[in-house]
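Student: 3D, please:
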Amino acid sequence: MQASPPIRSIDLFAGIGGIRLGFESIGARTVFASEWDTAAQDVYEANFGMRPHGDITRIAPHEIPDHDVLLAGFPCQPFSIIGDGKGFADTRGTLFFSIEKILHAKQPAAFLLENVKQLRGHDGGRTLEVILEKLDLAGYDVHVQVLNALEFGVPQKRERIFLVGFRRDIPLSEPFVFPSGGVEMTPLDAILENDDDVAPSFFASGAVRESVQGRLRVEPPVPSIWHENKSGNISPLPYSCALRAGASYNYLLVNGIRRLTPREMLRLQGFPDSYRYDVTSVAQIRKQCGNSVAVPVIRAVAEQMARALGWNAQPVHASLESGVLVGT
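Tutor: A predicted model of the protein is given here:
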């Protein structure tokens, strides 16, 4: 088992660092990060003490440090039901090819890619087929699975596709298997803040409350998060539907009366309460949470990857030191 040096990772399309948190919780050390959104860069830097580099398409692979694992939650809007669904016809969809170039040039031992589950069926499955062909030509054996955050302890139904690859010439210590989940869901009571402590600006107007309550067809559990779908139907649930970056401000309402706070949204993604968001606006952190990942899912996948590669994963717990998340 490899005890040292620590696992070196790079964090591409890093957002606010959810994938980084999952891997650093097993002892990985981030040696490079890239994220083009300046508001996300601000939040990332406030928490990790590292400001991500900008547009990855402007960074040559030889400028990126050597690393053991490449991590990338590459842009999902081109493949999403909520987005425009253009796939590679959207310039964001072609950002996958930046990942491909880095894999060819740097040849890390492994990678993890994350996207919306709709990638699996996009363009009749041809988009995923192209991606898998490119990864195969780069020298990797790839495992694909859709995982739901709801099965990993967080009260959020968030289904995402994960592509985990291992360099073909590196023998595995044991076969890779995706984590099975089965973790008991954290109850909403443990996630939600007390209404008395929530600023008035988060409470929906009387007209909005009357509208959603008028469309309610079942007795809601308490507590619950009321979800409004694209058809305008209201579903009160003991968990949250997936946080989304570009959704209506009122599509998720706590007990039908107020919007989620930034801390609640971060908790729904499994971020620690030490995580800072005070360097940006509520609108920005809402967008960033919608674009982020469920950290417990990433951690579970990271543990399985480390086991397959024979890496001696050393759990690291996030703590707050001078406002920066560090390993203890």
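Student: Residues contacting the strand or helix carrying Leu70, please?
Tutor: Leu70 is part of strand 69-72, with elements assigned from DSSP states H and E. Contact with strand 69-72 is made by 7-13, 19-20, 23, 28, 99, 102-103, 106, 108-114, 305, as judged by Cβ atoms under 8 Å, 6 or more residues apart in numbering. C-beta coordinates here come from the backbone N, C-alpha and C atoms, glycine included.
Student: Select from those residues every entry located in helices.
Tutor: Counted as lying in helices by DSSP state H, out of those, are 19-20, 23, 99, 102-103, 106, 305.
Student: Can I get the buried part of the contacts of strand 69-72 as one ChimeraX selection?
Tutor: Of those, the buried ones can be selected in ChimeraX as follows, counting by 16 or more other Cβ atoms under 10 Å:
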select :7,8,9,10,11,12,13,19,20,23,28,99,102,103,108,109,110,111,112,113,114,305
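Student: before we move on, the earlier item: strands paired with the strand holding Leu70, and their directions?
Tutor: For strand 69-72, the pairing partners within the sheet under DSSP bridges are strand 8-12 (parallel), strand 110-116 (parallel).
Student: need the ones you listed in TSV with distance to Leu243 and mean pLDDT, can you?
Tutor: Output for the strands paired with strand 69-72, formatted as TSV (distance: least, Cβ to Cβ, whole Å; pLDDT from 0 to 100):
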stretch	distance to Leu243	mean pLDDT
strand 8-12	20	98
strand 110-116	13	97
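Student: Of those, which is nearest Ala60?
Tutor: Using Cβ to Cβ as the measure, strand 8-12 is the one of the strands paired with strand 69-72 that comes nearest Ala60, at 13.9 Å.
Student: Alpha carbons of the closest one, as PDB, please.
Tutor: Taking Å, rounded to 0.1, in the frame of the first residue of the first chain, the C-alpha atoms of strand 8-12 are listed here in PDB:
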ATOM      1  CA  ARG A   8      -2.000  14.500  -6.100                       C
ATOM      2  CA  SER A   9      -5.200  15.800  -7.700                       C
ATOM      3  CA  ILE A  10      -6.200  18.500 -10.200                       C
ATOM      4  CA  ASP A  11      -9.600  20.100  -9.900                       C
ATOM      5  CA  LEU A  12     -11.000  21.200 -13.300                       C
END
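Student: Name the nearest residue to the most centrally placed residue in the chain, sequence neighbours excluded.
Tutor: The residue lying closest to the centre of the chain (Cα atoms, centre = their mean) is Val293, at 1.4 Å. Nearest residue to Val293 in three dimensions, chain neighbours excluded: Gly18, at 4.0 Å (Cβ to Cβ, 6 or more residues apart in numbering).
Student: just Ser224 next, same as before
Tutor: Nearest one to Ser224, counting by Cβ to Cβ, 6+ apart, is Pro236 at 4.2 Å.
Student: next one: Asp66
Tutor: Spatial nearest neighbour of Asp66, chain neighbours left out: Lys106 (6.5 Å); criterion: Cβ to Cβ, 6+ apart.
Student: my guess is that neighbour contacts Ile64, does it?
Tutor: Yes - the criterion here is Cβ atoms under 8 Å, and Lys106 meets it with Ile64 at 6.3 Å.
Student: residues contacting the residue nearest to Val293?
Tutor: With Cβ under 8 Å, 6+ apart, Gly18 has these contacts: 73, 269-271, 292-295, 298.
Student: ok, back up a step: I'd like the average pLDDT over the helix or strand where the residue nearest to Ser224 lies.
Tutor: Using DSSP H and E, the element containing Pro236 is strand 234-237. Strand 234-237 carries an average pLDDT of 96.
Student: His143 belongs to a strand, doesn't it?
Tutor: Yes - His143: assigned to a strand according to DSSP: H, G, I helix; E, B strand; the rest coil.
Student: give me the number of residues near the residue lying closest to Glu100 once chain neighbours are set aside?
Tutor: Nearest residue to Glu100 in three dimensions, chain neighbours excluded: Lys134, at 4.9 Å (Cβ to Cβ, 6+ apart). Counted with other Cβ atoms under 10 Å, the neighbours of Lys134 add up to 17.
Student: quick one: the helices in the stretch 101-250 of the chain?
Tutor: 126-137, 206-214 (DSSP state H, counting those that start in this stretch).
Student: Could you count how many residues lie near Gly15?
Tutor: 25.
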